[in-house]
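Colleague: Coordinates for the following, if possible.
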Amino acid sequence: MFSAETYQQRRQKLSELVKSGLIYFPGNNSTPKNYAANEYNFRQDSSFLYYFGIDEPGLDAIVDIDNNRTILFGDDRTVDDAVWMGFDDSLAEKADLVGVDQTAPAKALFSVLDGAVKSGQVIHFLPQYRAESKLKFEELLGIKAAAVNNYVSKTLIKSVVDMRNIKSSEEIAEMEKAVEISYEMNTTAMKLMRAGLMEREIAGTVEGITLAKGQGVSFHMIFSVNGQILHNHHHNNIMLDGKIAVLDSGAESDLHYASDITRTIPVSGKFTQQQKDIYNLVLQANINSFNMTKAGTLYRDCHFEACRTITNGLKELGIMKGDTEDALAQGAHALFMPHGLGHAIGLDVHDMEGLGEDFVGYDDKIKRSDIFGTAYLRFGKELKTGMTVTNEPGIYFIPQLIDLWKAENKFTDFINYNALDTYRDFGGIRLEDDVLVTDGEPEIIGKPIPKIVEEVEAACSAV
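Modeller: Predicted coordinates for the structure are as follows:
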């Protein structure tokens with residue numbers, strides 16, 4: 001974990017932003033898979049980690065702004081617990097590591113919250129995403145589980161987003177560690193790639209690297225020769241010569257900071273000319289949008305620069321036509337890039353998505369579009385120094401979507417449907433980097449991972 005001073009300073013700043021009331025942070029608990037003693041890998045709530053740093057189940061915390069106190073709730077291990085899990089530091093010792101000087105048994109949480117309710121004190125909490133957490137709120141505060149998120153504190157959400165959106169140097173160092181793992185993940189996949197393998201043979205090896213080097217994957221890996229399916233978690237295809245595979249994957253550092261990297265890899269180790277044409281177009285979109293990812297720029301403009309590059313390139317290939325700006329305004333490009341350029345990244349791979357994307361990526365000045373494609377842009381507001389985002393443009397040939405739009409005569413002024421016949425089995429290409437917004441030029445976070453055609457082909461042939 002970071003220093004006690006780091007967590008103290010974070011809680012103090014949060015108190016200043018929220019101003020009054022009591023802030024309740026429920027930690028996550030272990031969750032059974034198929035029976036109580038067989039659990040999923042534990043993952044602490046990211047906001048709990050950000051303000052309290054303790055990566056263990058069975059904890060809750062409050063920051064009581066009005067009474068100037070912070071309390072960590074939990075129980076020490078019993079002797080019976082120790083038989084199975086070993087002895088551990090006391091709750092007081094753990095609290096001391098993160099600068100909390102008051103602890104209480106888990107059962108004391110109810111009386112503290114009940115006292116706040118009876119005194120009329122405002123209780124702030126963030127949106128809850130786990131069913132067991134919602135049930136706990138019902139028990140503690142009398143709010144029906146299904147209605148818990150109707151009572152969240154917008155003041156707290158906005159305050160947490162303001163803080164977590166800007167990364168400190170120590171946070172960036174953690175993200176660099178995660179990208180170091182991603183470097184090994186991606187270059188290993190390139191070395192192993194060959195026809196006749198099942199996707200899961202590579203996917204399993206790549207995921208193993210995250211367990212050996214860090215805290216596992218930061219999200220369920222996407223690895224498929226059917227790259228036109230954007231979130232394809234199916235890994236049972238046999239890879240054939242002439243195909244390309246999209247690897248969209250990430251790792252968590254020891255402190256749970258995420259990486260999120262996408263590379264597209266030829267199964268045979270060499271791209272065909274058609275694949276190179278599309279690949280280099282996506283690469284140019286990646287470069288052009290990266291160069292714009294600067295403080296003071298609307299991230300939405302970075303998105304449209306990537307879309308503009310793709311549209312102009314597809315026009316040169318005879319796939320699109322007409323006026324580029326009109327095509328972008330109407331959303332014709334979304335046949336080929338039906339998603340946003342990227343998203344915030346940090347302790348969550350889609351950073352703070354659980355708090356609400358419109359709080360994280362939009363504000364009073366920039367509102368989310370309702371146009372197909374652009375509506376999926378998770379982040380659109382002005383970039384500030386210290387923000388971290390992913391830039392991940394792509395081009396996809398989705399037969400079902402092509403057929404639907406063609407049957408509807410949709411965007412015939414911009415799309416040459418006849419030219420798409422030779423691309424029906426193409427799949428998709430996506431290239432993604434993690435980017436730090438600075439006072440000057442943007443920076444790629446971590447060790448550069450092969451991305452140029454020649455670099456990827458060389459990595460595929462490495463022994």
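
Colleague: and residue 193, what does it touch?
Modeller: Counting by Cβ atoms under 8 Å, 6 or more residues apart in numbering, residue 193 touches 202, 239, 245, 265, 266, 267, 269, 460. Quick note: C-beta positions are derived from backbone N, CA and C, even for glycine.

Colleague: at 7 Å instead, please
Modeller: Neighbour list for residue 193: 202, 265, 267, 269, 460 [criterion: Cβ atoms under 7 Å, 6 or more residues apart in numbering].

Colleague: swap in residue 160?
Modeller: Residue 160 sits next to 47, 126, 355 when contact means Cβ under 7 Å, 6+ apart.

Colleague: if you set the cut-off to 6 Å instead, what comes out?
Modeller: Neighbour list for residue 160: residue 47 [criterion: Cβ atoms under 6 Å, 6 or more residues apart in numbering].

Colleague: sorry, back to before: mind picking the two most distant members of the contacts of residue 193?
Modeller: 202 and 269 (13.4 Å; Cβ to Cβ).

Colleague: which one of these two has more residues nearby?
Modeller: residue 202 (24 against 19; other Cβ atoms under 10 Å).

Colleague: from memory the more buried one sits against residue 190, does it?
Modeller: No. If you go by Cβ atoms under 6 Å, residue 202 and residue 190 don't touch, sitting 9.7 Å apart.

Colleague: what about residue 245, distance to residue 286?
Modeller: Computed as Cβ to Cβ, to the nearest Å, the residue 245 to residue 286 distance reads 18 Å.

Colleague: again but with residue 51, I slipped
Modeller: Counting by Cβ to Cβ, the gap from residue 51 to residue 286 is 34 Å.

Colleague: Residue 292 now?
Modeller: Distance of residue 292 to residue 286, computed by Cβ to Cβ: 11 Å.

Colleague: Helix, strand, or coil at residue 234?
Modeller: Put simply, residue 234 is coil when judged by DSSP: H, G, I helix; E, B strand; the rest coil.

Colleague: How about it: what's its closest non-neighbour residue?
Modeller: Using Cβ to Cβ, 6 or more residues apart in numbering and skipping residues adjacent in sequence, the residue nearest residue 234 is residue 224, 6.4 Å away.

Colleague: Relative to the whole chain's centre, how far out is the least confident helix or strand in the chain by mean pLDDT?
Modeller: Least confident helix or strand, the chain: helix 79-85 with a mean of 80, by mean pLDDT, DSSP states H and E. The chain centroid and the centroid of helix 79-85 are separated by 36 Å under Cα atoms, centre = their mean, to the nearest Å.

Colleague: and that helix, which residues are buried?
Modeller: Residues of helix 79-85 classed as buried by neighbour count (16 or more other Cβ atoms under 10 Å): none.

Colleague: Which SSE is immediately downstream of that helix?
Modeller: The helix or strand immediately downstream of helix 79-85 is helix 91-97, counting by DSSP states H and E.

Colleague: so how far is the next helix or strand after that next one from its chain's centroid?
Modeller: Per DSSP H and E, helix 91-97 leads on to strand 102-104 as the next helix or strand towards the C-terminus. Centroid displacement of strand 102-104 relative to its chain, using Cα atoms, centre = their mean, is 33 Å.

Colleague: Give me the residues contacting strand 102-104.
Modeller: Against strand 102-104 from outside (Cβ under 6 Å, 6+ apart): 71, 72, 73, 91, 92, 95.

Colleague: quick revisit: correct me, but the residue nearest to residue 234 touches residue 232?
Modeller: Yes. If you go by Cβ under 6 Å, residue 224 and residue 232 touch, sitting 4.1 Å apart.

Colleague: okay, those two: which has more neighbours?
Modeller: residue 224 (25 against 19).

Colleague: Pull up the gap between the more buried one and residue 427, please.
Modeller: According to Cβ to Cβ, residue 224 stands 8 Å off from residue 427.

Colleague: before we move on, what about residue 204?
Modeller: Between residue 204 and residue 427 the distance is 21 Å, computed by Cβ to Cβ.

Colleague: in which helix or strand would I find residue 262?
Modeller: Assessed by DSSP H and E, residue 262 sits inside strand 261-266.

Colleague: after that strand, next one along is what?
Modeller: Per DSSP H and E, the first helix or strand lying C-terminal to strand 261-266 is helix 273-292.

Colleague: Give me the residues contacting the following helix or strand past that following helix.
Modeller: Per DSSP H and E, the first helix or strand lying C-terminal to helix 273-292 is helix 299-316. Helix 299-316 has contacts (Cβ under 6 Å, 6+ apart) with 281, 284-285, 288-289, 292-293, 320, 324, 327-328, 333, 337, 340-341, 377, 379-380, 383, 393.

Colleague: Mind giving me the ChimeraX select for these, buried ones only?
Modeller: Buried residues within the contacts of helix 299-316, by 16+ other Cβ under 10 Å, are selected in ChimeraX with:
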select :281,284,285,288,289,292,293,320,324,327,328,333,337,340,341,377,379,380,383,393
